[in-house]
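Student: Show me how the following folds:
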Amino acid sequence: MTLSVGDNLKNFTAIMETNLTVALNAWVLALAFNPVHKGRLILKATDVSVRTMGLTFKGLTMRNELTCTAQCMTPDHPSCPNFNIPNSVCYPGQANHTPDQSPAVSVICESGEHDIKPPTTTTTTSGAAIKVSATPIGITV
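Tutor: Down below sits the predicted model:
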């Protein structure tokens, strides 16, 4: 990825390479069952190289925490659209194969750790207050 001086807004598609159980339980269900449809995504990398002004800096590490909000699985958009999966993922070396499709969880992520907890509500019944809250859910990739 090439970056320039100043703000670099990049829009890209990422494929989570993990087993189905991790992807479903730790990411998809976390966004679906959290009432505010938010989750944390922590990106970690080791041995990163950065080239700038003719110099290459090697052996760097990266940790970036993002707060992501689902754009589907919400009351306004209950179903997620299907997405064509490139043959390079499912059928490497078979460019003419019919591409597979899968529901795509569309999220918008913003940099930093932001609140992912649903609002706390208090209900009063017969003079007794009941406090309801939920536990935040996150994932490390």
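
Student: So in that sheet, which strands flank the helix or strand containing residue 59, and in what orientation?
Tutor: Element membership for residue 59 (DSSP states H and E) is strand 55-70. Next to strand 55-70 in the sheet, as set by DSSP bridges, lie strand 38-52 (antiparallel), strand 107-111 (antiparallel).

Student: For that strand, list the C-alpha coordinates in CSV.
Tutor: Taking C-alpha atoms only, strand 55-70 is exported to CSV below (Å, rounded to 0.1, in the frame of the first residue of the first chain):
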residue,chain,number,x,y,z
LEU,A,55,15.6,4.2,3.3
THR,A,56,14.1,0.9,4.4
PHE,A,57,13.3,0.2,8.0
LYS,A,58,12.9,-3.5,8.7
GLY,A,59,11.8,-5.6,11.7
LEU,A,60,9.1,-3.2,12.8
THR,A,61,6.0,-4.3,14.6
MET,A,62,2.4,-2.9,14.3
ARG,A,63,-0.6,-2.9,16.6
ASN,A,64,-3.7,-1.1,15.5
GLU,A,65,-7.0,-1.2,17.4
LEU,A,66,-10.2,-0.5,15.5
THR,A,67,-13.8,-0.2,16.6
CYS,A,68,-16.1,-1.7,14.0
THR,A,69,-19.8,-1.2,13.4
ALA,A,70,-21.8,-3.7,11.4
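
Student: shift numbering so it begins at 100
Tutor: Fine by me, first position is 100 from now on; the one you just mentioned is strand 154-169.

Student: Touching that strand from outside, list them.
Tutor: 130-131, 135-150, 204-213, 215 (CB atoms under 8 Å, 6 or more residues apart in numbering). Any C-beta I mention is one placed from the backbone N, CA and C, and that applies to glycine too.

Student: Centre of the chain to that strand, how far?
Tutor: Its chain's C-alpha centre and that of strand 154-169 lie 14 Å apart, by CA atoms, centre = their mean, to the nearest Å.

Student: Buried residues in that strand, which are they?
Tutor: 164-169 (16 or more other CB atoms under 10 Å).

Student: And the helices in the chain?
Tutor: Here the chain has its helices, by DSSP state H, at 119-121, 128-132, 186-189.

Student: Distance check, the closest residue to residue 210 other than its chain neighbours against residue 143.
Tutor: In space, and not counting its chain neighbours, residue 210 is closest to residue 165: 6.1 Å by CB to CB, 6 or more residues apart in numbering. Using CB to CB, to the nearest Å, one obtains 12 Å as the distance from residue 165 to residue 143.
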